[in-house]
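Engineer: Have a look; sequence and predicted model below, questions after that.
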Amino acid sequence: MVMTITNEELPRHLASGLKPLYVVFGDAPLLTIEAADSIRAAARAAGYTERETYIAEQHFKWSELHNNAQTMSLFASRKVIDLRIPSGKPGMEGGQALQAYCTNLNPDVLTLISLPKLDWAAQKSQWFGALQQHGVMISTDDIPRSALPRWVAERLKRQEQTADIATLEFLADRCEGNLLAAFQEIQKLALLFPAGALSFDQVKDAVMDVARYDIFKLSEAMLNGNATRYAHILDGLRAEGTATVLVLWAISEDIRTLGKVLQSIQRGGNLGNALRDVRVRKDRQGLIESAVRRLKFPSIERAMLQAARLDKTIKGLRQGDVWDELLQLGLRFAK
């Protein structure tokens, strides 16, 4: 029997026990990332201590999938096989391998397969039919506009905030077609305002601030190593009275991303795979790649420590000039 569930239904399903095969497919990157993260977290909690990741691109050796699923290390009795097929087209060899794999699932292995949105032909293929027959399918298609206010309300509820219908509709209009942008806006509201009801004016001003204050352009200047532009934008943010916690959040996210990519490369991975593993958005891959080629991990590690100290300064746990420290943090990346 085919079992297809949504992102909202996934937590309840995982709480009832894990299945050996999960397939995440759809065109909403945020929902795909969240679904895969939830499955991996549930697997870790259930004792799947080992994880192997494969990206099925051109020249991928499909025989490795079967061989590694049947082989356990000396240090782990259960493991996760994390297979990603970015094109959604495994080809003839891959399709046959997936069909054979489904008929011989290892009970000590949880297999997670990630796919993009598939066309009609792919969903009618034999390999996809095999995945449906033996696995749990999680659909991660984009949220339609009519359902977006309810989705925003649920996300606000998770951070103990609420908003009226007009405010939810406003957020939905601003973020329609881009769940990642909606996710960032909702996170920002948690940073700026306490738990409880949000007014329309609070939300409107917070959403408009991003466009006016160029917080993310500040981060771009930092990644490019453009010290003059970074200092100029930071001065503008300060003059406009931008919340320092929001500025630190924006640049800290990119610093952490740089650290993860550089660590992956240090372990022997290549840059392309590292960018995919860390889930760097395509529109920011060029910026991250340029910074990674210019910087070394020890300097990123020091920057992360400085950002942690700055967070304490903002919270009043240590003395310091927050804006000056934000400037010094960004200048670490200057060319």
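Structural biologist: Sure thing, it's come through. Numbers count the residues shown, from 1 in each chain.
Engineer: so residue 24 sits in a helix?
Structural biologist: No: applying DSSP: H, G, I helix; E, B strand; the rest coil, one finds residue 24 to be strand, outside a helix.
Engineer: Quick check: it touching residue 113?
Structural biologist: Yes: between residue 24 and residue 113 there is a contact under C-beta atoms under 8 Å: 7.2 Å. Heads up, the C-betas are built off the backbone N, CA and C, glycines and all.
Engineer: quick one: low-confidence parts of the stretch 1-150 of the chain?
Structural biologist: The model of the stretch 1-150 of the chain has pLDDT under 70 over residues 1-2, 69, 71-76.
Engineer: ok, which stretches of it are strands?
Structural biologist: Ranges of strands in the stretch 1-150 of the chain, per DSSP state E, counting those that start in this stretch, are 3-6, 21-25, 50-55, 79-84, 109-115, 136-139.
Engineer: could you dump the ones you listed to CSV with mean neighbour count?
Structural biologist: CSV is the format used below for those (neighbours: other C-beta atoms under 10 Å):
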stretch, mean neighbour count
strand 3-6, 14
strand 21-25, 24
strand 50-55, 15
strand 79-84, 21
strand 109-115, 23
strand 136-139, 20
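Engineer: Count the residues that sit near the closest residue to residue 161 other than its chain neighbours.
Structural biologist: Closest residue to residue 161 apart from its sequence neighbours, by C-beta to C-beta, 6 or more residues apart in numbering: residue 198 at 5.6 Å. By the criterion of other C-beta atoms under 10 Å, residue 198 has 21 neighbours.
Engineer: And residue 46, by the same measure?
Structural biologist: Residue 46: 13 neighbours (other C-beta under 10 Å).
Engineer: How about residue 61?
Structural biologist: Neighbours around residue 61, by other C-beta under 10 Å: 11.
Engineer: swap in residue 196?
Structural biologist: 8.
Engineer: got a list of what residue 294 touches?
Structural biologist: Going by C-beta atoms under 8 Å, 6 or more residues apart in numbering, residue 294 touches 225, 335.
Engineer: one more time with 7 Å, if that's ok
Structural biologist: Residue 294 is in contact with residue 225, counting by C-beta atoms under 7 Å, 6 or more residues apart in numbering.
Engineer: next one: the one 5 residues further on
Structural biologist: Taking C-beta under 7 Å, 6+ apart as the criterion, residue 299 is in contact with residue 332.
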